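In: Sharing a model prediction with you, sequence too.
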Amino acid sequence: MKNRQLLLLLGVTIASSIIVFSSCRKINDATTLGADLIPVVDNINTFDTSISVQTFNGLFDLLSDSQRLERSEEQFLGRINNDPLFGGTDARMFLELKPTFYKFAFKRKDSLEIDSVVLVLNYVETYGDTLVPQKVDVYEIDQNASLPFKSDSAYLIRTEPFLNGYNTLLGTRTFLPAVLNDSVYARNDTTINQLRIKLDTSFGGRLLRYDSTSGTNGAYASDSAFKTKFKGFALRSMSSGNAVMGFDLGGINTKLAIYYRYPKAGGLGRDTVVDYFRFTTLSAAANYIERNHTIGEISTVQGPTEDNLVYIQNTPGSYARIKIPDLLTIGNRLIHRAELIVEQVHDNNNTDTIFPAPEFLYLDAFDPTIILPRKQFRTIPYDLTYDGSDYNRSSFGSFPINTVDGSGNKIKVWKFNISRYVQHVLTGTSTLYDLRLSAPYLVREEYGTPPLISDQTLVLFPNPSGIVKGRVRVGGGSHTTQRMRLRLIYSKI
């Protein structure tokens, strides 16, 4: 009986090995992989195999993706209504523009008449379709809005700061994002990279009348006094659009242009002059980003089942959980290289050109032993390292390789180098973690080399893409042509 059980166990082990290593091939030519991977020693056989992975889509919630955006960072405005893969996006901006000094006074004080008032934003870029019209509305933030608007605060991008707190429409404009980098010819202002929205002249007239209030309690006597009269702007795209646009609030082109007329000397007509309110060190800003994942392909893959397509979207967005259970079945090997290969799956509707992939993807590990309330994720042990000035994100594999798929379509491929981690898993000196693939705006998690990892040791670095921009559909562990997999280059011990 014992012999029969032993033979049965041996048979199962052999069968498992055949399945796991069915894709193995012997490599004797060192130039096939590169001299840095193949030991130059006679009679050492090196093998190349792929280990299957399991992939599961997930959406970040508010608790796991509650990022704050500094006022100095690029802010986004606009609406994506029709991304067939990732659904919709609504980006809203909130900002203060104010006098650059106090006590402020207009260039002329007597008999002023408003000519026009224009909100100007320093345009940086567009993510999405530049040829679909955008309709942007500008509102005044209500004075009784409950949230204080502070220049020294960084606001959460997934929390609407003034929910229903802006009801006075000041102006609107419908335009093509493609025109924002064209030259602008306006009075006293000829330049490029501007979004200009003409506001209600009654609002400008109100600003002029404030100037007539004198003394220490006047609207322009101090910043605190001005805030009691004007709390700031709220901007959003209410209905149309298929892009989000980035703006630099601290740029020279961001300002409120107040054009007004005053009597010429001698009473012969009137001259027009302009004064500017700007985004100063005392100005507050907030950026709210809302994703709609109830539409598009991404809406069909949210669940507990394994997915053959994986959807990765920049913050606030989505991620994939990756399991590699077969890694524990192969026994100890000498690992020359282990890389998780992630391949983009081309969209036949060519939306990948309109909505490009992120500049940066990140791979980390789920560790349930990390003490809450810290997020239970850590860097990949041994492989993501810090040299005293930066992390090895490039050699780690966070940045993509440009290539083509089997049909000649341009795609991006990521190859995450997790060789040291895999070696420690095989030698039994590291836990086999579930992995997470994402495109985070900011990485802040546990870092270190076991057993020195501590919940007080943190890694912190930003995504070069910033927020909002970047999404990519990649092959999951069961995809037929662009299968996510763990490639191993190894020698037997």
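Out: Good, I have the coordinates.
In: make it CA atoms for all contacts and neighbour counts henceforth
Out: OK.
In: so where's this protein uncertain?
Out: 1-43, 188, 190, 211-217, 266-267, 372-374, 448-458 (pLDDT under 70).
In: please redo it, this time with the cut-off set to 50
Out: 1-23, 27-38, 40-42, 455 (pLDDT under 50).
In: what's the domain layout of it?
Out: Listed domain ranges for the chain are 25-61+295-491, 87-292 (source: automatic domain parsing).
In: Nearest to Arg68 among the ones you listed would be which one?
Out: domain 87-292 (4.3 Å; C-alpha to C-alpha).
In: Just the helices from the chain, written as ranges.
Out: All helices of the chain, identified by DSSP state H, fall at 2-20, 201-210, 223-227, 351-354, 393-396, 419-426.
In: how about the nearest residue to Ser111 once chain neighbours are set aside, what does it touch?
Out: Distances taken as C-alpha to C-alpha, 6 or more residues apart in numbering place Tyr262 nearest to Ser111, at 6.1 Å, with adjacent residues excluded. Counting by C-alpha atoms under 8 Å, 6 or more residues apart in numbering, Tyr262 touches 108, 110-113, 270-272.
In: Could you count how many residues lie near the closest residue to Val472 other than its chain neighbours?
Out: In space, and not counting its chain neighbours, Val472 is closest to Ala357: 4.9 Å by C-alpha to C-alpha, 6+ apart. Residues lying near Ala357 (other C-alpha atoms under 10 Å) number 23.
In: From Ser66, how far out is the residue nearest to Ser111?
Out: Separation of Tyr262 from Ser66 (C-alpha to C-alpha, to the nearest Å): 50 Å.
In: likewise Gly296?
Out: 24 Å.
In: before we move on, what about Ile380?
Out: From Ile380 to Ser66 the distance is 22 Å (C-alpha to C-alpha).
In: now do Gly475
Out: 28 Å.
In: same question, Leu119
Out: 30 Å.
In: Compare those two (neighbour count), which wins?
Out: Neighbour count, other C-alpha under 10 Å: between Leu119 and Ser66, Leu119 has more, with 23 against 15.
In: Now the more buried one: closest residue in space that isn't a chain neighbour?
Out: Per C-alpha to C-alpha, 6+ apart, closest to Leu119 is Leu256, 4.7 Å.
In: quick one: the one you found and Val274 touch, right?
Out: No: checked against C-alpha atoms under 8 Å, the pair Leu256 and Val274 is beyond contact range at 9.9 Å.
In: mind saving the C-alpha coords of stretch 128-140 as PDB?
Out: This file holds the C-alpha atoms of stretch 128-140, laid out as PDB (Å, rounded to 0.1, in the frame of the first residue of the first chain):
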ATOM      1  CA  GLY A 128      -7.900  62.800 -25.600                       C
ATOM      2  CA  ASP A 129      -9.600  63.900 -28.900                       C
ATOM      3  CA  THR A 130      -8.600  67.500 -29.700                       C
ATOM      4  CA  LEU A 131     -11.200  67.700 -32.500                       C
ATOM      5  CA  VAL A 132     -14.400  67.100 -30.400                       C
ATOM      6  CA  PRO A 133     -15.800  70.400 -29.100                       C
ATOM      7  CA  GLN A 134     -15.600  71.100 -25.300                       C
ATOM      8  CA  LYS A 135     -18.100  73.300 -23.600                       C
ATOM      9  CA  VAL A 136     -16.700  74.800 -20.400                       C
ATOM     10  CA  ASP A 137     -18.800  76.700 -17.900                       C
ATOM     11  CA  VAL A 138     -17.300  79.100 -15.300                       C
ATOM     12  CA  TYR A 139     -19.100  79.600 -12.000                       C
ATOM     13  CA  GLU A 140     -18.500  81.700  -8.900                       C
END
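In: Show me which residues of that stretch are buried.
Out: 128-130, 132-140 (16 or more other C-alpha atoms under 10 Å).
In: same check, this time on stretch 425-434
Out: 425-426, 430, 432-434.
In: do the same with stretch 111-119
Out: Result for stretch 111-119 [16+ other C-alpha under 10 Å]: buried residues 112-119.
In: What is the most widely separated pair among those residues?
Out: Leu112 and Leu119 (20.0 Å).
In: ok, back up a step: may I see the buried residues of stretch 111-119 organised as TSV, with distance to Glu446 added?
Out: Below are the buried residues of stretch 111-119 laid out as TSV (distance: C-alpha to C-alpha, whole Å):
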residue	distance to Glu446
Leu112	60
Glu113	60
Ile114	57
Asp115	57
Ser116	54
Val117	50
Val118	47
Leu119	44
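In: Sitting in strands, which of those residues do you find?
Out: With DSSP state E as the criterion, strands contain 113-119 from among these.
In: Next, format these as TSV and append distance to Ile192.
Out: TSV is the format used below for these (distance: C-alpha to C-alpha, whole Å):
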residue	distance to Ile192
Glu113	29
Ile114	26
Asp115	23
Ser116	20
Val117	19
Val118	16
Leu119	15
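In: Just give me the closest of those residues to Ile467.
Out: Leu119 (23.9 Å).
In: which residues does that closest one contact?
Out: Applying C-alpha under 8 Å, 6+ apart, the residues near Leu119 are 195-199, 254-257.
In: Show me what it is bridged to.
Out: Taking DSSP bridges, one finds Ile197, Leu256 as the beta-bridge partners of Leu119.
In: Find the nearest non-adjacent residue to Asp137, please.
Out: Spatial nearest neighbour of Asp137, chain neighbours left out: Thr172 (4.4 Å); criterion: C-alpha to C-alpha, 6+ apart.
In: how far away is that neighbour from Ser394?
Out: Counting by C-alpha to C-alpha, the gap from Thr172 to Ser394 is 44 Å.
In: cool, Met93 as well?
Out: 33 Å.
In: ok, these two, which is more surrounded?
Out: Met93 (22 against 13).
In: in terms of contact, does that one touch Leu249 like I think?
Out: No: applying C-alpha under 8 Å, one finds Met93 not in contact with Leu249, separated by 10.2 Å.
In: Give me the common contacts of these two.
Out: With C-alpha under 8 Å, 6+ apart as the test, Met93 and Leu249 both reach Gln75.
In: Pro304 - how many residues pack around it?
Out: The burial count for Pro304: 9, using other C-alpha under 10 Å.
In: tell me the phi and psi of it?
Out: Per-residue torsions, Pro304: phi -80, psi -10 (degrees, to the nearest 10).
In: Just list the residues touching the closest residue to it other than its chain neighbours, thanks.
Out: Nearest residue to Pro304, sequence neighbours excluded (C-alpha to C-alpha, 6+ apart): Phe56, at 7.1 Å. For Phe56, the contact set (C-alpha under 8 Å, 6+ apart) comprises 303-307, 310, 320-322.
In: distance of Phe56 from Ile322?
Out: With C-alpha to C-alpha as the criterion, Phe56 and Ile322 are 7 Å apart.
In: How about Ser52?
Out: Distance from Ser52 to Ile322, by C-alpha to C-alpha: 10 Å.
In: neighbour-wise, which of those two wins?
Out: Ile322 (24 against 19).
In: so that one touches Arg436, yeah?
Out: Yes: Ile322 is within contact range of Arg436, at 6.0 Å (criterion: C-alpha under 8 Å).
In: Please name the bridge partners of Val310.
Out: Residues in beta-bridge contact with Val310 (DSSP bridges): Val474.
In: contacting residues around it?
Out: Counting by C-alpha under 8 Å, 6+ apart, the residues that Val310 touches are 55-57, 320, 473-476.
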